[in-house]
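>>> A predicted structure for the sequence below; I have some questions about it.
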Amino acid sequence: MRNPYEILGVTKSASADEIRSAYRKLAKKLHPDLNPGDKKAEEKFKEVSQANELLSDNEKRAKFDAGLIDASGNEKPQQQQRDFYRNYAGANAGARGANPNYESASAFSDFGGMDDVLAEMFARQAEARRNVRGGDLNYRLTVSFLDAVNGANQRLTLPDGSTIDVKIPAGINDGQTIRLKGKGEPSRGKGGAGDALVTISVQPHRFFTRNGNDLVLDLPVSIKEAALGGAVKVPTTTGSVMLNIPASSNSGTQMRLKGKGVAGRGDLLVKLRIVLPRRADQQLNELLKNWIPDAGDDPRAEMLP
């Protein structure tokens, strides 16, 4: 450690008031709270604090001036390792020395006045530590497609075996997070518990897909239903409804069921998909063999030159 007089920028004959003033000026400039993340400023603040500790103590200062101890106070090495914040709460130093410029004072006495910037800062820090809330805890909950669309109540089992009831709002999206107030880690002071953050994972559905607030459904229809039209039963997320298919419908024809989308906010888009019978139908085969399409009805006319 360098000479403490040089660190504080004072002469060897400086009075206690001059030392105190120099220290407070440097401390306000270098304090870690005023220089977050600045390791260099933090090291300088520690050096300044150690220099002030020695020179504000009459006995230590006298020994240093007499050459009995070095700038680090080697006769008490444990003080070099002590957290410098404890210096502010130490007891008063020894009695006044023979030098009239010396004055008995502890490191903490420099911050005794409530109007002092650093004293107020330390008080706020202590109060903040007492009132800090508990930490948030993160969880993941998998829900079915229909529960995500319509809403539901789910029970989440925690690693310790306890459970949390989670209300799934209708229309929640995959990856969305639900915040449960006060269900996180408890506070070590008076700050209250943190929150539980539950990220929702939505399982895919066999038939439905989601597009914003709309739902999309590929609906298989027979050749007869597509050709002649008629009413067919269609599934929705809240039950089945009847849908009238227009005659001469093709695969890809899209029909819209109003209000049958996500939580009633969107629509259900039904796309027709013509399918052949699962088993060979001799009657249908004979009919198609004898059927002669109109010469101008070529389904590939737009594709060919």
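Yep, that arrived.
>>> shaky segments in this structure?
74-130 (pLDDT under 70).
>>> now do the contacts for the residue lying closest to residue 192 once chain neighbours are set aside.
Ranked by C-beta to C-beta, 6 or more residues apart in numbering and with sequence neighbours excluded, the top spatial neighbour of residue 192 is residue 133, at 5.1 Å. Glycine gets a C-beta too; all of them are placed from N, C-alpha and C. Shown in contact with residue 133 (C-beta atoms under 8 Å, 6 or more residues apart in numbering): 187, 191-194.
>>> same question for residue 9.
Residues in contact with residue 9 (C-beta under 8 Å, 6+ apart) are 22, 26.
>>> same thing but 6 Å
Going by C-beta atoms under 6 Å, 6 or more residues apart in numbering, residue 9 touches residue 22.
>>> for the stretch 1-150 of the chain, just list every one of the strands.
For the stretch 1-150 of the chain, strands defined by DSSP state E, counting those that start in this stretch occupy the ranges 137-143.
>>> what of the stretch 151-300 of the chain?
Secondary structure of the stretch 151-300 of the chain by DSSP E, counting those that start in this stretch: the strands cover 152-157, 163-168, 177-180, 196-202, 208-211, 214-221, 230-236, 239-245, 254-257, 268-274.
>>> closest to residue 42 out of those strands?
strand 196-202 (32.8 Å; C-beta to C-beta).
>>> packing partners for the closest one?
Using 3 or more C-beta pairs under 6 Å, 6 or more residues apart in numbering; DSSP states H and E, the elements in contact with strand 196-202 are strand 137-143, strand 177-180.
>>> for residue 167, find the nearest of those strands.
Using C-beta to C-beta as the measure, strand 177-180 is the one of the helices and strands packed on strand 196-202 that comes nearest residue 167, at 7.8 Å.
>>> residues in contact with the closest one?
With C-beta under 6 Å, 6+ apart, strand 177-180 has contacts from 195-199.
>>> which of those count as buried?
195-198 (16 or more other C-beta atoms under 10 Å).
>>> which single one of the residues you listed is nearest to residue 65?
Nearest to residue 65 among the buried ones among the contacts of strand 177-180, counting by C-beta to C-beta, is residue 195 at 57.8 Å.
>>> test my guess that the closest one contacts residue 184.
Yes - counting by C-beta atoms under 6 Å, a contact exists between residue 195 and residue 184, whose distance comes to 4.8 Å.
>>> which neighbours do the two share?
residue 136.
>>> about what we covered before: okay if I get the contacts of residue 133 as JSON lines plus distance to residue 249?
Output for the contacts of residue 133, formatted as JSON lines (distance: C-beta to C-beta, whole Å):
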{"residue": "187", "distance to residue 249": "64"}
{"residue": "191", "distance to residue 249": "64"}
{"residue": "192", "distance to residue 249": "61"}
{"residue": "193", "distance to residue 249": "59"}
{"residue": "194", "distance to residue 249": "56"}
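>>> contacts for stretch 226-234, please.
So stretch 226-234 is in contact with 240-247, 249, 274, going by C-beta under 6 Å, 6+ apart.
>>> ranking by neighbours, what's the top pick from the residues you listed?
Among the contacts of stretch 226-234, residue 245 has the most neighbours (other C-beta atoms under 10 Å), with 21 neighbours.
>>> who does it form a beta bridge with?
Using DSSP bridges, the bridge partners assigned to residue 245 are residue 230.
>>> and it, how far from residue 229?
Noted for residue 245: a distance of 5 Å to residue 229, by C-beta to C-beta, to the nearest Å.
>>> so which of the helices and strands packed on strand 196-202 gets nearest residue 214?
Residue 214 lies closest to strand 137-143 among the helices and strands packed on strand 196-202, at 19.7 Å (C-beta to C-beta).
>>> off-centre distance for that closest one?
Mean C-alpha position of strand 137-143 versus that of the full chain (C-alpha atoms, centre = their mean, to the nearest Å) differs by 14 Å.
>>> what about the closest residue to residue 259 other than its chain neighbours, neighbour count?
Leaving aside its sequence neighbours, residue 259 sits nearest to residue 267 (C-beta to C-beta, 6+ apart; 6.7 Å). Using other C-beta under 10 Å, the number of residues around residue 267 comes to 17.
>>> quick one, what contacts residue 267?
Per C-beta under 6 Å, 6+ apart, neighbours of residue 267: 214, 256, 258, 261.
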